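Asks: Need a 3D model of the following:
(chains A and B)
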Amino acid sequence: MSTTYFNEMYDRGEIRLPYANLETWQRDMPQELRNLKQAEAEALFRRIGITFAVYGEGGDPDRLIPFDMFPRVFTHGEWTRLERGIKQRARALNAFLCDVYNRGEIVRAGKIPARLVYQNEAFEKAVCGIKPSKNVYSHIVGIDLVRTGPDEFFVLEDNCRTPSGVSYMLENREIMMRMFPDLFRGNRIAPVERYPDLLRKTLASVAPPKCDSDPTVVILTPGHFNSAYYEHSFLADLMGVELVEGADLYVEGDFCWMRTTQGPKKVDVIYRRIDDAFIDPLCFRPDSMLGIPGLMNVYRSGGVQICSAPGAGVADDKAIYTFVPEMVRFYLGEEPILQNVPTWQCAIPEDFAYVMANLDELVVKEVHGSGGYGMLIGPRASKGELEAFAHKIRERPENYIAQPTLALSTCPTFVKDGVAPRHVDLRPYCLVGDTIELVPGGLTRVALTEGSLVVNSSQGGGVKDTWVLAE
Amino acid sequence: MLSRTAENLYWMARYLERAETMARLVELGTRMRLMPDAVDGYRNEWDSILQASGTADGFGRKHKDTVERNIVSYLFFDHENPSSVFSCLLQARENARIVRTALTSPVWDALNSAYQEMKEYQRRPRSEMDISEMTEWTTRQTALVQGAMNATMLRNDGYDFLNLGYNIERADNTARLLDVKYYVLLPDAGYVGSGLDNYQWTVILRAMQMHRAFHWAYGGEATAAKILDMLVLNRQCPRSIVSSVQGINDHLDRLARGYGRSTEAQSRARMLLAELMEIRVGNILEEGLHEFLERCMRDMADLGSTVHSCYLRGSAL
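Replies: Down below sits the predicted model:
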């Protein structure tokens, strides 16, 4: 392929400003020291217990996500623009959710096809007409961004349910500060450590109407077999709230209670890290062992706040994604600051024809897929793979969307014999409560295989510390 | 504190104590084997270990022969044996992992390292294993974890549940270790009080690393009565049943003070302690040692379920 990629450190032979100090750091680090530091980082991660179990892959449940020590850097100016764009998008997504579960103005106005909203798998009829406190549905919005040039950023997808990975943002920073304190002395790097406090503040700010004292916040986890369990317990610890499982909670009267050694304690805000389907077996999936029977009744009557609100998933669906810029215009009356990647909906006949004709140049994704599973990268696929995928699309066109293969920017990354460019993306975590907050940073994921564009940790991606330079 | 958190702390401690006891039992079996054969060779000594640890059925299903190598491997490493040292450490670590936030990092570090080392041990060929080394390794690891707890953990309710687990399990386990003696048959009644009989008793002391302490406390010849007194009724002995029951009382009392209410668990524990402080070795032998020990184990099981229903279910009281 002849595509050229934007290198975030070297632009036409020149070192870009944010990386100026890293050039000498990297050059002056002898190989032995580098190996030593890498081993130290790994030992720290393992000791802290940050591991990542990959669904369906078997193998070592204590696998580590590879950590790359070369930081990824944004200037203050770059970040300011991103921040405005991210917050704008988070506001629009929440306005959309509030709208579609109530009057559905955007559908009436003909801006989004009704079918895409109301027949969406993620649309929860059960929550129609319920207004969560402060009208916020998605309290933690993870917006996946890619960069293709100095000023070109695209939103790859939105995560309105329970985006994960924020523990890596915090731990990567912690470990970098521990291993390379001089780097932090020499560069003015905006701190990210406020995140847990902001998260707690955000969750407390959406306490339900019936809560008349200091709200009790809990994190609801599917349990310690879940691949993100470490993150759940990490956040609970940093926020100083209980980490509960479904069986720790029950409903009695108008409230939700948790079982403690001193008897029942009322719970006001549940930051749930489980899917809608598992919240309440009486309302969603009757065969679920994970949920709390009756919880939705308490939610409906204002006895508890569930974060993100059930049904929030309809906003981050890949088919709805196309319409987010429209939402920004419709609800906020602003022009979108962040661009979408052009997207073809295979369900639309013209788009379908285009996708079929250009399959070898496109990336095709499942509408409800995540984690980099079940996707096709046209330019990298063999003829056989292309044909097989074309067949799948023909079978269920509404299940697929296609996007051009983006020229993802690269960031210098430590490889076996030195430093080489590898493709990266970025996931910042925007908090929405009575205010909208964004810590300066996020999770940078890096495709460690040469030439690979897939950064998902389930597909061999790694992570980096992400710096935003102070003004 | 969340009931489930308390429960995990409680079980984590129980599994750690159980791992240690398992290792001590294996040590006990090995030492008894070193004694010149009385009648049946070591067969009945290993049988007695399996009986006392409650693993005889499981072992019987898996192995035909009570060969030392099979037994050691079953009691130390076997995943299918829920009471093997490995299974216990695995369970303890799993419990700890679930409640990571209720533990300090030195405690987690100690436990996690023990688990990682155990995985290493498992890869080594069995023929290279030295049983005493394995026992020492186990007791060292559990001591490291306990040391970390004592040095770094807040003395809050979590600490009390942890220690309840330790003490309930320890009382049960000391009874089990003593019960081995019941299962090791002497050739006939004439051997009671003989050299062989006394040797078997002292081996129990050694396995519990109490033989020196015994000489300091009692002096003279080690007799069954003195050893029983030490391991059941002596309040100075840290592993005696009475000390464990005292520990249970201490921690239940702390909980009652902290929570501002007493439960059935306190009254039950108090009754058990009162009885143990009353009786003498003679009473135990009158009742029958085995019968007495079985009663102790039953009492601990009952107390365990009372603690569970009073604190770990989270229901209104």
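Asks: list the buried ones in stretch A:95-104?
Replies: A:A95, A:F96, A:L97, A:C98, A:D99, A:V100, A:Y101 (16 or more other C-beta atoms under 10 Å in any protein chain shown). Yep, even glycine has a C-beta here, placed from its N, CA and C like the rest.
Asks: For the residue of the stretch 151-300 of chain A found nearest chain B, name its beta-bridge partners.
Replies: Relative to chain B, the nearest point of the stretch 151-300 of chain A is A:R259 (2.1 Å; C-beta to the nearest C-beta). A:R259 has these beta-bridge partners by DSSP bridges: A:P264.
Asks: re earlier: sitting in helices, which of the buried residues of stretch A:95-104 do you find?
Replies: If you go by DSSP state H, the buried residues of stretch A:95-104 have A:A95, A:F96, A:L97, A:C98, A:D99, A:V100 in helices.
Asks: so can I have JSON lines of these showing distance to A:T435 and pLDDT?
Replies: Listed next are those as JSON lines, based on distance: C-beta to C-beta, whole Å; pLDDT from 0 to 100:
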{"residue": "A:A95", "distance to A:T435": "16", "pLDDT": "97"}
{"residue": "A:F96", "distance to A:T435": "19", "pLDDT": "98"}
{"residue": "A:L97", "distance to A:T435": "18", "pLDDT": "97"}
{"residue": "A:C98", "distance to A:T435": "17", "pLDDT": "97"}
{"residue": "A:D99", "distance to A:T435": "21", "pLDDT": "97"}
{"residue": "A:V100", "distance to A:T435": "24", "pLDDT": "96"}
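Asks: A:L362: which of these is nearest?
Replies: Taking C-beta to C-beta as the measure, A:L362 sits nearest to A:F96 out of those, at 26.7 Å.
Asks: Show me which helix or strand of chain B is least confident by mean pLDDT.
Replies: The least trusted helix or strand in chain B, going by mean pLDDT, DSSP states H and E, turns out to be helix B:43-53, with a mean of 78.
Asks: May I see the buried residues of that helix?
Replies: In helix B:43-53, counting by 16+ other C-beta under 10 Å, buried: B:N44, B:E45, B:W46, B:D47, B:S48, B:I49, B:L50, B:Q51, B:A52, B:S53.
Asks: Then stretch A:71-84?
Replies: Neighbour-count burial for stretch A:71-84 [16+ other C-beta under 10 Å]: A:P71, A:R72, A:V73, A:F74, A:T75, A:E78, A:W79, A:L82, A:E83.
Asks: do the same with stretch B:142-157
Replies: Buried residues in stretch B:142-157, defined by neighbour count with 16+ other C-beta under 10 Å: B:T142, B:L144, B:V145, B:Q146, B:A148, B:M149, B:M153, B:D157.
Asks: Tell me if that stretch is near chain A.
Replies: Yes: Stretch B:142-157 is in contact with chain A by C-beta under 8 Å from any C-beta of the partner chain, via B:D157.
Asks: Alpha carbons of that stretch, in PDB - could you do that?
Replies: C-alpha atoms of stretch B:142-157 as PDB (Å, rounded to 0.1, in the frame of the first residue of the first chain):
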ATOM      1  CA  THR B 142       1.100 -18.600  55.500                       C
ATOM      2  CA  ALA B 143       3.200 -16.900  58.200                       C
ATOM      3  CA  LEU B 144       4.200 -14.200  55.700                       C
ATOM      4  CA  VAL B 145       0.600 -13.500  54.900                       C
ATOM      5  CA  GLN B 146      -0.400 -13.400  58.500                       C
ATOM      6  CA  GLY B 147       2.500 -11.100  59.300                       C
ATOM      7  CA  ALA B 148       1.500  -8.700  56.600                       C
ATOM      8  CA  MET B 149      -2.000  -8.700  58.000                       C
ATOM      9  CA  ASN B 150      -0.900  -8.000  61.600                       C
ATOM     10  CA  ALA B 151       1.500  -5.300  60.500                       C
ATOM     11  CA  THR B 152      -0.600  -3.400  58.000                       C
ATOM     12  CA  MET B 153      -4.400  -4.000  58.300                       C
ATOM     13  CA  LEU B 154      -6.800  -1.700  59.900                       C
ATOM     14  CA  ARG B 155      -8.300  -3.100  63.100                       C
ATOM     15  CA  ASN B 156     -11.800  -2.800  61.700                       C
ATOM     16  CA  ASP B 157     -14.700  -5.300  61.300                       C
END
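Asks: what helix or strand does the closest residue to B:A19 other than its chain neighbours sit in?
Replies: Leaving aside its chain neighbours, B:A19 sits nearest to B:C88 (3.6 Å; criterion: C-beta to C-beta, 6 or more residues apart in numbering or on different chains). Per DSSP states H and E: B:C88 is located in helix B:85-98.
Asks: Tell me the helices and strands packed up against that helix.
Replies: Using 3 or more C-beta pairs under 8 Å, 6 or more residues apart in numbering or on different chains; DSSP states H and E, the elements in contact with helix B:85-98 are helix B:3-34, helix B:68-76, helix B:105-123, helix B:131-152.
Asks: which parts of the stretch 101-250 of chain B sit against chain A?
Replies: Listed as neighbours of chain A in the stretch 101-250 of chain B under the rule C-beta under 8 Å from any C-beta: B:T101, B:W108, B:D109, B:N112, B:D157, B:F161.
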